[in-house]
Structures are given as structure tokens and as C-alpha cells.
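>>> Provided below for reference: sequence and predicted model.
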Amino acid sequence: MTSKLRVRVIATAALATFSFTVSLSGQSAGTAAPTGSTGATTTVGGTTGTTTGSTGGTTGVSRLPTTPNTTTPATPTQTPTIQQPIYISGRVVMEDGQPAGQQVTIETVCNGVGHAEGYVDSRGYFSIELGKRNGVLQDASESNTFGSFGSMGSGSGSSSPFDNGTMATERKYMGCDLQAKLVGYRSQTVSLTGRRPLDNPDVGTLLLHRMGAAEEGQTISAVSLGAPKDARKAYDKGMDALKKHKFADAQANFEKAVEIYPKFASVWYELGMLQAGQGRMDMARKYFDLSVQNDPKFVKPYLQIASLELQASRWPALSEVTEKLIKLDPFDYPQVYYYHSVANYNLQRFPEAEKSALEAERLDTRHAIPGVSHLLGLILVLKKDYSGAAEHLKAYLKMDPTASDAPKVRSQLADIEKITAAMATKN
């Protein structure tokens, strides 16, 4: 199973945490709303990303103390690096909430190459030590059929962690994902980049989604796989330059690649990312559009176009592009449902906004997008469901207590609680 490549956010050129300022539409006529909520401007934000895990921790590699050699003081003793184990635990369930069976495998995927790590139990739970894989049979199909070209457009620049046993522990899984594997299903993924031995092992719940014939979105451009040898060579050189932060060289090689093969959608995407990283959003949009034109099923440029439309508050365009994304891939990107909800909220299409927000909430099993709860709270206020609104606003503050708009949300919550109390008194 091909790993879903992580999406870089254009506004921060690879940062995974960002927030958006959303102009909220006024309340509908006759709706009793909390003070200050009508026609307000609020920040709906949080950590996004179709499906990333928690990283952090306080330590990575442990080193033994070095004792000087008293007989040969001029020759210091070389201390070996101690590789500490990384443990991962969680649960796999079907989309309907039923636990996955014991036939489900947990695997790591690095640059398109999958490696079985363990199995789930009868209730869908798993607890594994990464890299150990004791008693796990490797599937013969777990190979990178695309060779070095299989990770096209990832920009991760990382090698498989199984190639070099001396690699520092905290870098061992750079560019890798954790996912479940079951024939006929697609799994949510958790990023392992930067994961350290003392991180919280619990990665939460992974959903399994039955693949449908209508779901044609791809994170690797199929059209780009037909590029001739010289174009692929220029692409590879461009990616190498990108990893070394030689952006001018990267752009020159990418431009050479699309000159040789104009349908090279993955390269148009990389050119767009380069422009976005330099703040040239108009040029970035041009390249993303060219990527989509040459491979309409390649989802990554759509994601960046959606981000651009969101930042520019172009709500009709944001609604349109997110609708296309949802048709291409209705499972892997909960943030797309969130964007779609934000667009429809501002277009005063409140039923559509609520539907998309609820879907984002369902798919965001690790609560990586706190803004979904905030938005649902505002939508429920419009429906005069004050208890439901209060519940979601409290959830938002619990998930992101230091958010820039937290004081405003606390004020909104206080107003809602006053309304609720007044209604209770009347009854």
C-alpha cells in the first residue's frame, strides 16, 4: 500500500501548524446570538494535516560517558551511539466504529516502501516496537515498484530507516508514515518524522476506509510516471538541490524537466512550492494550475490551491476546489472538509457548512484541527442549540487553550451560558 505523502502548507513552507482569519457572516434574522458574535471577525485555526501524529519529547540519543585512557592520553576513546527503542500503540477501527480484525497489519512506509511492523489484536489494538518486527511476515508485494521515482514530489529527502543502523534515533524515521494495511481498504496515516524514544507512544485511532471505484485521487502523479529519462534526471537533480536548500539550482532543473516533458505535473507542483516559499503566490498559483491541468487526479496541487483561496478569503472559489478534492479523495484529508465548511459558513450556506464540519470532526480522530469544534459551536448558535454550541466551544478551548482567539471564544461561551440560564429560568 502506497503511503500518503504529507502535504506542505504553502504559507509556512513546511510548517504543520497554522491558523486562519475567517470573516464570519452575520446571524440570520430572528436568531438570538451571544453578544459580539454577529458580523465578527474571528480566528478559526489549529493544527491541520490530513493525518499526522504527535512529535516532540525531551530526549533522543543517549551516550555513555567517555573515560580517558590513562596509558595513552593522546588517543581519546570513541563512544558508540546507543539506539533507544521507539514504541507505538493505538487502535484501528473501521469507519463505522467497528474494531478491525486480526488480519490487519501495522506497517511503516518510507519513500513508498512498506515494512510490516506488527498486527492488531481482536479488538483492533496494537502495541509495537518500531523496527523489531519479530514474528511478522513481510508481504512480497511490499516493494517500491517505481524505484527512485516512486517518491516523486515528496521532497522529504530521507532514506529508508532500514538502510543504516547507525543513523541517529530521532532521524531514523524521517519522511516515514505509520499506517494500517488491509486488502481493499485505505488507512489514515501518522507521521513518524522526528519521533523520539520518550514521545507518548499512543498515536490514537486509525480509521480504515473501504476503497471505492469513484475515488480516483492520487498523491503520486500517474501522468508524471510517463516522463522520459532526461526529464526524470532533471527532476532528480532538482530534488537533490531542494534538499540542500539550493533553490535556484532546483528551479533551473525543474524548468528543464518541464521543457523536456510539459506534462510533468509533479514538477509543476514543485515549481509552485518554490514560488510559494518565496512569497510569490501569483506565480505559485499559476504553477499549481498547470499541475492540475496536466494531471487532474493529482491531489497535492488542489490542496495548495485551497490553501491560497482560504488565505485570500475567496469563499466561492474555496468551496469549488474543496468540492473537487472531496470527490477525488473523501477520506485522507479532514482539513479539506474543514475548509469546505469555512467557505460555506461565510457564504451563509449553513446546512452545507455543518455537514462538512461534522465530517471533518469524524475523520480528525487525533483532534489535530481544533478549529472544527469552534466552527461547529458557531453553527449551532445559529440553530439556537446553545447547549451543543457550548459543548463544542469548550472542546475547542480544551484542545487549544492558548489560541489567539481564546479570550473571544471564552466571551462567546459566557454569553451562551447566560442565554441558557435565562431560558432555564423562564421554563
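Yep, it's here. Numbers count the residues shown, from 1 in each chain.

>>> what about H392, distance to V372?
9 Å (C-beta to C-beta, to the nearest Å). Backbone N, C-alpha and C define where each C-beta goes, glycine included.

>>> ok, the two, which is more surrounded?
More crowded of H392 and V372, by other C-beta atoms under 10 Å: V372, with 32 against 23.

>>> give me the element that one is part of.
Using DSSP states H and E, V372 sits within helix 371-382.

>>> And the next helix or strand past that helix?
Later in the chain than helix 371-382, the nearest helix or strand by DSSP H and E is helix 386-399.

>>> Which stretches in this protein count as helices?
Remark: helices assigned in the chain by DSSP state H are 229-243, 247-260, 265-277, 281-294, 299-311, 315-328, 334-346, 350-363, 371-382, 386-399, 406-426.

>>> And these: which comes nearest L198?
L198 lies closest to helix 386-399 among the helices of the chain, at 22.9 Å (C-beta to C-beta).

>>> helices or strands up against the closest one?
helix 371-382, helix 406-426 (3 or more C-beta pairs under 8 Å, 6 or more residues apart in numbering; DSSP states H and E).

>>> Burial-wise, tell me which of those comes out on top.
Greatest average neighbour count among those goes to helix 371-382 (a mean of 26), per mean count of other C-beta atoms under 10 Å.

>>> isn't H209 right up against R186?
Yes - counting by C-beta atoms under 8 Å, R186 is a contact partner of H209 at 5.0 Å.

>>> Between these two, which is the more surrounded one?
Using other C-beta under 10 Å as the criterion, H209 and R186 rank with R186 on top: 22 against 17.

>>> any weak-confidence spans in the stretch 151-300 of the chain?
Residues of the stretch 151-300 of the chain that meet the criterion pLDDT under 70 lie in 151-171, 212-220.

>>> Could I get the pLDDT score of the residue nearest to E354 when sequence neighbours are not counted?
Nearest in space to E354, with sequence neighbours left out and distances taken as C-beta to C-beta, 6 or more residues apart in numbering, is I379 at 4.9 Å. Model confidence at I379, given as pLDDT, is 97.

>>> what's the answer for the one 3 residues further on, then?
Predicted confidence (pLDDT) for L382: 95.

>>> Between H209 and R186, which contacts overlap?
F331 (C-beta atoms under 8 Å, 6 or more residues apart in numbering).

>>> so G101 makes contact with Y119?
No - G101 is beyond contact range of Y119, at 9.9 Å (criterion: C-beta under 8 Å).

>>> who's more crowded, these two?
More neighbours surround Y119 than the other of G101 and Y119, with 18 against 15 (other C-beta under 10 Å).

>>> So that one sits against V104, correct?
Yes - at 6.8 Å, Y119 counts as touching V104 under the criterion of C-beta under 8 Å.

>>> what about Y287, distance to D329?
Going from Y287 to D329 by C-beta to C-beta gives 21 Å.

>>> how much space between L393 and C110?
According to C-beta to C-beta, L393 stands 40 Å off from C110.

>>> And M281, by the same measure?
Going from M281 to C110 by C-beta to C-beta gives 32 Å.

>>> How about F126: which residues does it bridge to?
According to DSSP bridges, G90 are recorded as the beta-bridge partners of F126.

>>> what residues are up against V336?
The contact partners of V336, by C-beta under 8 Å, 6+ apart, come to 50, 303, 306, 322, 325-326, 329.

>>> Show me which of these has the smallest pLDDT value.
Minimum pLDDT across the contacts of V336 is recorded for T50, with 38.

>>> before we move on, the earlier item: which neighbouring elements make contact with the helix holding V372?
When contacts are defined as 3+ C-beta pairs under 8 Å, 6+ apart, helix 371-382 packs onto strand 41-47, helix 334-346, helix 350-363, helix 386-399, helix 406-426.

>>> Mind doing that once more with 10 Å?
Contact analysis of helix 371-382 by 3 or more C-beta pairs under 10 Å, 6 or more residues apart in numbering; DSSP states H and E lists strand 17-23, strand 41-47, helix 334-346, helix 350-363, helix 386-399, helix 406-426 as its packing neighbours.

>>> Please produce a markdown table containing these, extended by distance to K243 and mean pLDDT.
Formatted as a markdown table, the helices and strands packed on helix 371-382 follow (distance: least, C-beta to C-beta, whole Å; pLDDT from 0 to 100):
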| stretch | distance to K243 | mean pLDDT |
| --- | --- | --- |
| strand 17-23 | 23 | 37 |
| strand 41-47 | 25 | 40 |
| helix 334-346 | 26 | 97 |
| helix 350-363 | 31 | 96 |
| helix 386-399 | 34 | 95 |
| helix 406-426 | 38 | 90 |
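
>>> so which of these gets nearest K263?
Smallest distance to K263 across those (C-beta to C-beta): 25.3 Å, for helix 334-346.

>>> the inter-axis angle of that closest one versus helix 350-363?
160 degrees (axes from the mean of the first three to the mean of the last three C-alpha atoms, to 10 degrees).

>>> Next one: the spatially closest residue to R410 that is not a sequence neighbour from H374, what distance?
With sequence-adjacent residues excluded and distances taken as C-beta to C-beta, 6+ apart, R410 is closest to L397, at 6.7 Å. L397 is 9 Å from H374, where distance means C-beta to C-beta.

>>> now S356
Taking C-beta to C-beta as the measure, S356 falls 14 Å from H374.

>>> what about M281 and C110, which has more around it?
Neighbour count, other C-beta under 10 Å: between M281 and C110, C110 has more, with 24 against 17.

>>> Quick check: the more buried one touching Y173?
Yes - C110 lies in contact with Y173 (C-beta atoms under 10 Å); the separation is 7.2 Å.

>>> dump the residue contacts of K132.
85-87, 117-118 (C-beta atoms under 10 Å, 6 or more residues apart in numbering).

>>> would CSV of the helices and strands packed on helix 371-382 with distance to D249 be doable?
CSV is the format used below for these (distance: least, C-beta to C-beta, whole Å):
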stretch, distance to D249
strand 17-23, 28
strand 41-47, 33
helix 334-346, 32
helix 350-363, 39
helix 386-399, 42
helix 406-426, 44
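
>>> For K297, find the nearest of those.
Nearest of the helices and strands packed on helix 371-382 to K297, taken as C-beta to C-beta: helix 334-346 at 15.3 Å.

>>> Can I get the closest one in CSV, CA atoms only?
Extracted C-alpha coordinates of helix 334-346, given in CSV (Å, rounded to 0.1, in the frame of the first residue of the first chain):
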residue,chain,number,x,y,z
PRO,A,334,-10.1,16.1,7.1
GLN,A,335,-8.8,19.6,6.7
VAL,A,336,-10.5,19.8,3.3
TYR,A,337,-13.9,19.3,4.9
TYR,A,338,-12.9,22.0,7.4
TYR,A,339,-12.0,24.4,4.5
HIS,A,340,-15.3,23.5,2.8
SER,A,341,-17.2,24.2,5.9
VAL,A,342,-15.5,27.6,6.4
ALA,A,343,-16.3,28.6,2.8
ASN,A,344,-19.9,27.6,3.1
TYR,A,345,-20.3,29.3,6.5
ASN,A,346,-19.1,32.6,5.0
